[in-house]
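# below: sequence and its predicted model.
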Amino acid sequence: MMNLLITGGAGFIGSNLIRQVIDQPEITKLVNLDCLTYAGHLENLEGIHGIHPRYVFEQVDLRDKAEVLRVIRQHDITHVMHLAAESHVDRSIAAPADFITTNINGTFHLLEACRAHWFDPETSIQNRASKFLHVSTDEVYGSLGPQDPAFTEATPCAPNSPYSASKAASDMLVRSYHHTYGLPAIITRCSNNYGPCQFPEKLIPVIIQSVLNRQSIPVYGDGLNVRDWLHVGDHCQALWNVLTSGKAGETYNIGGQNELTNLHLVQQICDVIDELAPALGGNSRSLITFVPDRPGHDRRYAMNAEKIQSELGWKPAHTFETGVRETVQWYLNNVNGMRDVRLHVSL
């Protein structure tokens, strides 16, 4: 049985994760810790927030060390799924300070709180069954060439943006707490997520908003940067598998096995919208506009997820074609709830 803490549970991946796991029989209590910045919205948890008997919400900033410790102790947290992070690359380029304080210092405060609660202060022996799952990103590995093999868990970290550098630093902190203190920690690194409730500065919501408003779709550079796309539901299932069956001290890559250029992705979504919403007039590809490339833009990411598939039996349930169609339909059905954010493509 577990008292589970999910950080960043009002965000895109976090809210999908809460919906997916809250009724698991192992969970006695699920605490959502979120400071509700621009990307966290309790509307994402409609039907759960304030209603579900296992659910508790704590509006706490991870940068507040005392409050983080209070949450861990007050709710007797036994398991942590740490998703809360500043994650938008463009924002990290323009204003990196928040990425340092949240992603690095915030992770440090959470690790310290768990160590204080899970270990006997006199003997330093772990005094309860527990697990700490740190959710990271493929961006910590850096950039691949066109013919390079996909990232494995043994690929050295070589981050190229303030965002990915802050995530790599937090990964190293988590790793060190396992090896130094014996904290039962696991790291996962995922490829680009997509699906319902994603904050609208990310690529797929930007495309959909632009098409619905018949405005230009901004694509960085030549549009040939490659990303691997993972449905958020598949990611959440992988995270649960790792939490319940993963081995402490290990790292697991989670990928969708869907390598696409940004341009191909945009074109495919345009075609799906034209099919599902013909009243818009069609020919949405004509809205594609190339804009100057982002500084330090990584050329290609690709994930080798053989380890999690062979050791934990996970594999993605969605093909990209079915997943992106479901996603586009969700946004079309929820168009009035989409927050109108005008930013460049964020990949």
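That came in fine, so what should we check first?
# hey, where'd the strands end up in the protein?
2-7, 27-33, 55-58, 79-82, 131-137, 185-190, 192-194, 217-220, 226-231, 251-254, 259-261, 288-291 (DSSP state E).
# remind me, longest helix of the chain?
Assignment by DSSP state H gives helix 162-181 as the longest helix of the chain.
# you'd agree residue 2 is up against residue 26?
Yes: look at residue 2 against residue 26 with C-beta atoms under 8 Å: they come within range, at 5.5 Å. Quick note: C-beta positions are derived from backbone N, CA and C, even for glycine.
# which one of those two has more residues nearby?
A count of neighbours by other C-beta atoms under 10 Å puts residue 2 above the other of residue 2 and residue 26, at 19 against 12.
# and the more buried one, what does it touch?
Listed by C-beta atoms under 8 Å, 6 or more residues apart in numbering, the contact set of residue 2 reads 26, 27, 28, 78, 79.
# list buried residues within these.
Burial by neighbour count, judged by 16 or more other C-beta atoms under 10 Å, picks out 27, 78, 79 from these.
# kindly provide the distance from the last one to residue 24.
Residue 79 sits 11 Å away from residue 24, taking C-beta to C-beta, to the nearest Å as the criterion.
# please apply the same query to the second one.
With distances defined as C-beta to C-beta, the gap from residue 78 to residue 24 amounts to 14 Å.
# re the thing from before, would you list the buried ones among the contacts of residue 2 in TSV and tack on distance to residue 299?
Shown next, in TSV, are these (distance: C-beta to C-beta, whole Å):
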residue	distance to residue 299
27	41
78	42
79	37
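# for these, which one is nearest residue 90?
residue 79 (33.0 Å; C-beta to C-beta).
# does that closest one have beta-bridge partners, and which?
residue 4, residue 131 (DSSP bridges).
# residue 4 is in contact with that one, correct?
Yes: with contact defined as C-beta under 8 Å, residue 79 reaches residue 4; the gap is 4.8 Å.
# now residue 87: closest residue in space that isn't a chain neighbour?
The shortest distance from residue 87 to any non-neighbouring residue, by C-beta to C-beta, 6 or more residues apart in numbering, is to residue 163 (6.6 Å).
# the helices in this protein, which residues?
Assigned by DSSP H, the chain shows helices spanning 12-21, 65-74, 89-94, 97-99, 106-118, 162-181, 203-212, 232-245, 262-276, 306-312, 320-333.
# residue 288 is nearest to which of the ones you listed?
Going by C-beta to C-beta, the one of these nearest residue 288 is helix 262-276, 5.9 Å.
# buried sites along the closest one?
Buried residues in helix 262-276, counting neighbours by 16+ other C-beta under 10 Å, are found at 262, 263, 265, 266, 267, 268, 269, 270, 272, 273, 274.
# ok, stretch 277-297 next?
If you call a residue buried by 16+ other C-beta under 10 Å, then stretch 277-297 has these buried ones: 277, 284, 285, 287, 288, 294.
# which intervals of the stretch 101-250 of the chain have sub-threshold pLDDT?
Confidence mapping of the stretch 101-250 of the chain against pLDDT under 70 gives zero matching residues.
# rewinding a little: which one of the contacts of residue 2 is nearest residue 43?
Nearest to residue 43, judged by C-beta to C-beta, of these is residue 27 at 22.7 Å.
# the closest one touches residue 21, doesn't it?
Yes: here residue 27 reaches residue 21: they are 6.8 Å apart, a contact under C-beta under 8 Å.
# now for these two: what residues contact both?
residue 4.
# next one: phi and psi at the residue of the chain most remote from its centre?
If you look at how far each residue of the chain sits from its centre, by C-alpha atoms, centre = their mean, the farthest one is residue 122, at 36.6 Å. Torsion angles at residue 122 (phi, psi; degrees, to the nearest 10) stand at phi -90, psi -40.
# which ones are touching residue 83?
Residue 83 touches 6, 7, 8, 9, 11, 13, 14, 17, 135, counting by C-beta under 8 Å, 6+ apart.
# and what of residue 116?
By C-beta under 8 Å, 6+ apart, the residues touching residue 116 are 69, 72, 73.
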